[in-house]
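Student: everything below, folded, please.
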Amino acid sequence: MKNFTDDLYEDLKNPEFALEYLNAASEDEDSQVFLLALNDFVKANGGFTDTAKSAGVTRANLHRALSSNGNPRYGNLVNILKSLGLKLKIDHA
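Tutor: Numbering: from 1, shown residues only. The predicted structure is shown next:
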């Protein structure tokens, strides 16, 4: 029997769903919500080892950056997003 997490990870393989999920998380007042959503996206789409290698960070640093206590440097965040085929975009509030 599948659980919520399995269903979520399956849904996050759909690019349109993933964008909506990540954009909704980015609008939350708690910045950690976005990092945890990005953590889910990484787990659903290739995992930490491949993403870390592609982003030029260690697997441990990637885990730390995308944890509930994460506080990644801007450059690392941009590299992580790029390695996932994503980019940061600024829009009007």
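Student: show me what counts as buried in stretch 21-29.
Tutor: By 16 or more other Cβ atoms under 10 Å, the buried positions in stretch 21-29 come out as 21, 22, 25. C-beta: built from backbone N, CA, C; applies to glycine.
Student: kindly report the same for stretch 43-52.
Tutor: For stretch 43-52, by 16+ other Cβ under 10 Å, it's 43, 44, 45, 48, 51, 52.
Student: the buried residues of stretch 21-29 in helices, which ones?
Tutor: Counted as lying in helices by DSSP state H, out of the buried residues of stretch 21-29, are 21, 22, 25.
Student: picking that back up, ok, so of the buried residues of stretch 21-29, who is nearest residue 57?
Tutor: Comparing those against residue 57 with Cβ to Cβ places residue 22 closest, at 18.9 Å.
Student: what pLDDT does that closest one get?
Tutor: At residue 22, the model reports a pLDDT of 97.
Student: what do you get for residue 44?
Tutor: On pLDDT, residue 44 comes in at 97.
Student: list the contacts of it.
Tutor: Contact partners of residue 44, counting by Cβ atoms under 8 Å, 6 or more residues apart in numbering, are 8, 9, 10, 12, 13, 18.
Student: so the fourth one touches residue 41, yeah?
Tutor: Yes - the pair residue 12 and residue 41 qualifies as a contact (Cβ atoms under 8 Å) at a distance of 5.4 Å.
Student: without its sequence neighbours, what residue ends up closest to residue 25?
Tutor: Distance criterion Cβ to Cβ, 6 or more residues apart in numbering; nearest residue to residue 25, sequence neighbours excluded, is residue 37 at 3.5 Å.
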